[in-house]
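>>> Provided below for reference: sequence and predicted model.
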Amino acid sequence: MSWFIKKRQQKTAVEERTVRVPEGLWVKCDACRELIYRAELANTRNVCPKCGYHFRIGVAERLESVMDPGYEERFGELQSGDPLAFSAAKPYADQLRKLKGLGHDHDAVLVVEGTLKGHPVVMGVMDWDFLAASMGSVVGEKLRLGAELALAKGCAFIIVSCSGGARMQEGALSLMQMAKVSAALARLDSAGLPYLSILTDPTTGGVSASYAMLGDLNIAEPKALIGFAGPRVIEQTIKQTLPEGFQRSEFLQSHGMVDKVVPRDRLRDFVATALDWMTEPHG
């Protein structure tokens, strides 16, 4: 009866083939949650091609997208100290040394002098990767000096803001920078020189409460978070539900706090057009 018995054939092991995708090839959009090929982002200035979400970009990329080639850094010798000997889970001095070792020699803002479509300008660009672009003594001093340089050169001053607010490790010294930079901007205003403020995601705290909102023209990137305190803190304080899109660029524009929301790929042309109008004599 052996022909009724089914012989079991020995299965040969099939070697599993796994395709390893190198890390960093894909990025998930924080807005639409779609996966985006990183190389595709490079062609769109780090703007999601599916929903238009603006990813944060570094200082170098920001300058290259707006300024003409040949700009030069100013006041790079200024470095943060530890005036309060601030010590916590992560001592302030150790954080500064680590960041300097990673190549962040310009503290949380880089100030350059150059041209933008032929217009002479002084520009300060805040660096989110340096302690969330918090405003410390060096940030305030660099921006003050930048405003003074623009005053001496008779040109426009531009600040690209992106900040979590004042730097708590420097206490009241950080808060003093709000008044110092604002006073320097007032001198520009008295001289009739334009100051343009470009607000990117996020611009909050003491930065939004001072120089970020003092521009002759306040320009914001789409859907950037702009405000003093965060939405959750405000809701908990006033015990009310906030409107949809509260503290986003478009909401602020509709309520007169922002003059224009400009996509990143049009920012350079828009600023150049604004400078054409602001620096040309009008009879």
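Right, received. Where do you want to start? Residues are numbered from 1 along each chain as shown.
>>> Tally up the residues packed near the nearest residue to Thr44 once chain neighbours are set aside, please.
Nearest non-adjacent residue to Thr44, counting by C-beta to C-beta, 6 or more residues apart in numbering: Asp265, 7.4 Å away. For glycine as for every other residue, the C-beta is placed from the backbone atoms N, C-alpha and C. Neighbourhood size, Asp265 [other C-beta atoms under 10 Å]: 11.
>>> and what of the one 4 residues further on?
Asp269 has 11 neighbouring residues, counting by other C-beta under 10 Å.
>>> which helices and strands does the helix or strand hosting the residue nearest to Thr44 pack with?
Here Asp265, judged by DSSP states H and E, is contained in helix 264-279. Under the contact criterion of 3 or more C-beta pairs under 8 Å, 6 or more residues apart in numbering; DSSP states H and E, helix 264-279 touches helix 59-66, strand 109-116, strand 119-126, strand 156-163, strand 195-204, strand 217-220.
>>> Contacts only, for the residue nearest to Thr44.
Residues counted as contacts of Asp265 (C-beta atoms under 8 Å, 6 or more residues apart in numbering) are Thr44, Arg45, Val47.
>>> Go through the helices and strands packed on helix 264-279 and pick out the most buried.
The highest mean neighbour count among the helices and strands packed on helix 264-279, using mean count of other C-beta atoms under 10 Å, belongs to strand 156-163: a mean of 26.
>>> domain assignment for this protein?
Domain assignment for the chain, taken from automatic domain parsing, gives 23-55, 58-279.
>>> contacting residues around stretch 83-90?
Contacts of stretch 83-90 (C-beta under 8 Å, 6+ apart): Tyr92, Ser137, Gln169, Glu170, Gly171, Leu173.
>>> ok, how many other residues are close to the fifth one?
Gly171 sits with 13 neighbouring residues when counted by other C-beta under 10 Å.
>>> host element of it?
helix 171-190.
>>> Touching that helix from outside, list them.
Residues contacting helix 171-190 (C-beta under 8 Å, 6+ apart): 83-84, 86, 134-137, 139-141, 143-144, 147-148, 150-151, 157, 166-168, 194-195, 206, 209-211, 214, 216.
>>> Filter the residues you listed down to the ones in helices?
Ser137, Val139, Gly140, Glu141, Leu143, Arg144, Ala147, Glu148, Ala150, Leu151, Gly206 (DSSP state H).
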